[in-house]
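1. With the input below, show me the fold.
(2 chains)
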Amino acid sequence: MHGSLLWIVTLAYLAALLLEVSRIYFRSQLRGAALVGLVLGGLAAHTLLIGYRWSVLHRDPFSSIFDWCLSAAWVLAVVYLYLTLYHPNHPIGIFTLPLVLLLQLAAATVASREPFAQSEEARILAAVHGFSLLVGTVVVFLGLATGVMYLISAYWMRRKHRPPRLLRLPSLEWLQRMTQRCLLLALACLSLGFVTGVVLSQLRHGYINWSDPVVWTTTLLMVWLVAVAVFILLYRPARQGRKVAYLTLASFLFLLVALVAVFRAPGHAGGQGAGDRTGSALRLGTIRPVGSLPEGPQP
Amino acid sequence: MIHLVGCSHHNTPVELREQLAFSPQKAEQALARFRREFPQVEAVVLSTCNRVEFYTAAESPEELLSHRQMGEFLARFHQLDADQVLEQLFRRSGQEAVMHLFMVAAGLDSMVVGEPQIRSQVKQAYDLACRCETAGPVTHAVFQAALKAARRVSNETSIHRKRVSVPSVAVAEFAKQIFERFDDKQVLVIGAGEMAEETLRYATDEGAKHITVVNRSLDRAEQLARRWQGRARPWDQLLDALAEADMVISTTGATEPIVRLEDFRRIEPKRYQRPLLVLDLAIPRDFDPAIGDCLGVYLFSVDDLQEVCRQNLRERQQELPAAVEILKEETAAFMAELNRRATGPIIHRLRQNWQQIKDDELRRLFNKLPDLDPRSRREIEYAFHRLLNKLLHPPLESLRDHAQEGVPHGLLEALRKLFQLPD
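-> Sure, this is the predicted structure:
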């Protein structure tokens, strides 16, 4: 059942994206309502899917990479819906819906459905770890969308071109504010996720395996974000204009590298059961992947 | 029926338009005088910078004034030579007059096609006629329909959304694309020209509150600042003011740039690359164009803005056929409704007449058949009712069909005579 639901959700978001793109070609008074209807429908099916996995299969939103991707896509879709209602005349979906679809497609194709093993004593810490990394990732994705919008809009303004009327983006001021907030929120959330990951690893193994690609790419992301924060704090012009957008874009690339490392890590893709791999606590939303657990109600 | 005489920028020199123009007070006086002279006739006066139009209407053609009488009234009111005035006025009647009003209200007959102010001017003219009690059933219907048609054009095309004046383009197309809000922005006005003031009007409409005026003459700067609740600063503080500004409107008459690149470089560190929108509306330009390459600066000259105005005007022209099509539809629907209303009294009298005959015959029949049970009485009444409707259906249908193309005066007269309907 949830296989079909996953594709229904993806198709609903894809249809919404096509509607957003149609803004380029023609005006329509019905498009706004159709867009909201499609996204609401997609979100309803999406919620059903997450709820079904949680209540029937006992897979909470952070229990596997698959569930984590689904949840991140859900949060991003909700944010998109809010922004579309707040800015109905701007094609924000052209920049955010592809990211929602990317997460959906990752869930459908490459994300492992194998649940992470969770020790009872660290359950809350693991939930905080998973949740903060999920919010941090969504916020970086959103920052990417607003950053790209900023760069496009600033490009038009610098060349004294009026943006095409049906592709008019929110003001540069709003985009800059959003991008800046995304960057700072991402720093806070990902830092929390990183620290909880370190604590979880210490609790379990007493040390961190720095040779694990997941560990060092995540650490690299953290170092980058801290450097960005210091840069913004010490150099005032870095809070303005295109610099914020470029910093967000770079943060997205660092995050992408970390995500690729997580997706490629043994124990996630093929169910190799890397149960005792050291440092795996730093993985997104993980304590330790267990390849042998079947999908279904857990004891 | 509706008649129109008028003059506009299309066909009349400005001198005559000025002579025929009505201030609101004069329009009120004219309507009051018209009401005294022609109490049966409805009238509306529409007077703007580019047009003077005089609409009269009446429900029956006999009561309606001729175009000549309307022109003579205008000439008499303005104490002008009637023949000379009549020579310059255009004339429209019936559907043409309605279509013209619809075009005017939608801004399609304006000098700047699609300008939105005309709609409120038409509404004001109609409101004045209502207050002066010269508006009646026909003018109520036609002016309300004109405003509705104008709204439809505004909603269904983008003709009004494309701005064509430099200040409106500067604020609506560019400033709003850079700033989300204006109430926390520092607006610096350099020079005290008309264009600066007009741009400032658009900026304050968007919420700008913190206005600083810098001018070579501090007196003039203070005058302008007072009008806009801003503050004036002496000319030698121009660069300091520029360091604090978010938006600059510059319109001096200087022959050399007043802000050179090296001047701007001096204040650049104080700005921390904060966005700065410079609307350089002066010719020759007040800002060195190289400043536009500095980080955070968005510099627009008059040429940049005029180019957008021209594009918008072209786009408005492209929207014109769609707007005209809407107005044609609205005119056709309105005329059909108006003509249908003209046939209303005859239809009503015809029905009344036949109803009377039916009632008389039923009464006579029921008197002759006193033993009829209630059910049979109801059946008979129903049969008579159906018979009446079936007999009336063909003539009324023909009447409605002909009313689509105009008031069917011939048919109405024939019905009146054939069925001896009272006037």
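2. All the strands of chain A, in order from the start?
-> Shown for chain A, the strands assigned by DSSP state E span residues A:116-117, A:288-289.
3. Least confident of those, on average?
-> When these are compared on average pLDDT, strand A:288-289 comes out lowest at a mean of 40.
4. ok, the residue nearest to B:Arg181 when sequence neighbours are not counted - contacts?
-> If the residues on either side of it in the chain are set aside, B:Arg181 comes closest to B:Gly207, at 6.3 Å by CB to CB, 6 or more residues apart in numbering or on different chains. Any C-beta I mention is one placed from the backbone N, CA and C, and that applies to glycine too. When contacts are counted by CB atoms under 8 Å, 6 or more residues apart in numbering or on different chains, B:Gly207 is found next to B:181-183.
5. Let's verify B:Glu133: helix, strand, or coil?
-> coil (DSSP: H, G, I helix; E, B strand; the rest coil).
6. gap between it and A:Arg236?
-> Remark: distance between B:Glu133 and A:Arg236 (CB to CB, to the nearest Å) = 67 Å.
7. Any idea how many residues pack against the residue of the stretch 1-150 of chain B at minimum distance from chain A?
-> Of the residues in the stretch 1-150 of chain B, the one nearest chain A is B:Gly114, at a distance of 14.3 Å by CB to the nearest CB. When neighbours are counted by other CB atoms under 10 Å in any protein chain shown, B:Gly114 registers 27.
8. Would you agree A:Thr10 is in contact with A:Leu105?
-> Yes - with contact defined as CB atoms under 8 Å, A:Thr10 and A:Leu105 form a contacting pair (7.1 Å).
9. Same drill for those two, tell me which one is more crowded.
-> More crowded of A:Thr10 and A:Leu105, by other CB under 10 Å: A:Thr10, with 21 against 17.
10. how about the nearest residue to that one, chain neighbours excluded?
-> The nearest residue in space to A:Thr10 (CB to CB, 6+ apart) is A:Gln104, at 4.6 Å.
11. so who does the one you found touch?
-> By CB under 8 Å, 6+ apart, the residues touching A:Gln104 are A:6, A:9-10, A:13, A:69-70, A:73.
12. mind putting those residues in a markdown table, pLDDT included?
-> Below are the contacts of A:Gln104 laid out as a markdown table (pLDDT from 0 to 100):
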| residue | pLDDT |
| --- | --- |
| A:Leu6 | 86 |
| A:Val9 | 91 |
| A:Thr10 | 91 |
| A:Tyr13 | 94 |
| A:Cys69 | 89 |
| A:Leu70 | 91 |
| A:Ala73 | 94 |
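13. Just give the number of residues close to the closest residue to B:Ser301 other than its chain neighbours.
-> The spatially closest residue to B:Ser301, leaving aside those adjacent along the chain, is B:Asp280, at 4.9 Å (CB to CB, 6+ apart). A count of neighbours around B:Asp280, defined by other CB under 10 Å, yields 29.
14. Counting neighbours, what do you get for the nearest residue to B:Asp109 once chain neighbours are set aside?
-> Taking CB to CB, 6+ apart as the measure, B:Asp109 lies nearest to B:Met103, with 4.5 Å between them; neighbours along the chain are not counted. Neighbour count of B:Met103, defined by other CB under 10 Å: 21.
15. B:Met103 belongs to a helix, doesn't it?
-> Yes - when three-state DSSP is applied, B:Met103 is found to be in a helix.
16. So it is in contact with B:Ile326, correct?
-> No - taking contact to mean CB under 8 Å, the distance of 10.8 Å between B:Met103 and B:Ile326 leaves them out of contact.
17. Please determine how far the residue of the stretch 1-150 of chain B closest to chain A is located from B:Asn312.
-> For B:Gly114, the distance to B:Asn312 (CB to CB) stands at 9 Å.
18. again, but for B:Leu4
-> 30 Å.
19. which one of the two has more residues nearby?
-> Applying other CB under 10 Å to B:Leu4 and B:Asn312 shows that B:Leu4 carries more neighbours, namely 25 against 22.
20. by contact count, what packs against the helix or strand encompassing the more buried one?
-> Per DSSP states H and E: B:Leu4 is located in strand B:2-8. Secondary-structure packing of strand B:2-8 (3 or more CB pairs under 8 Å, 6 or more residues apart in numbering or on different chains; DSSP states H and E): helix B:14-20, strand B:51-57, helix B:67-78, strand B:90-93, helix B:94-105, helix B:137-156.
21. what distance separates the last one from the centre of its chain?
-> Taking the mean C-alpha point of helix B:137-156 and that of its whole chain, the gap between them comes to 9 Å (CA atoms, centre = their mean, to the nearest Å).
22. tell me the SS of B:Leu46?
-> For B:Leu46, the reduced secondary structure class is strand; criterion used: three-state DSSP.
23. Report how many residues lie close to it.
-> The burial count assigned to B:Leu46 is 25, neighbours taken as other CB under 10 Å.
24. show me what contacts it?
-> Applying CB under 8 Å, 6+ apart, the residues near B:Leu46 are B:6, B:52-55, B:104, B:121-122, B:125.
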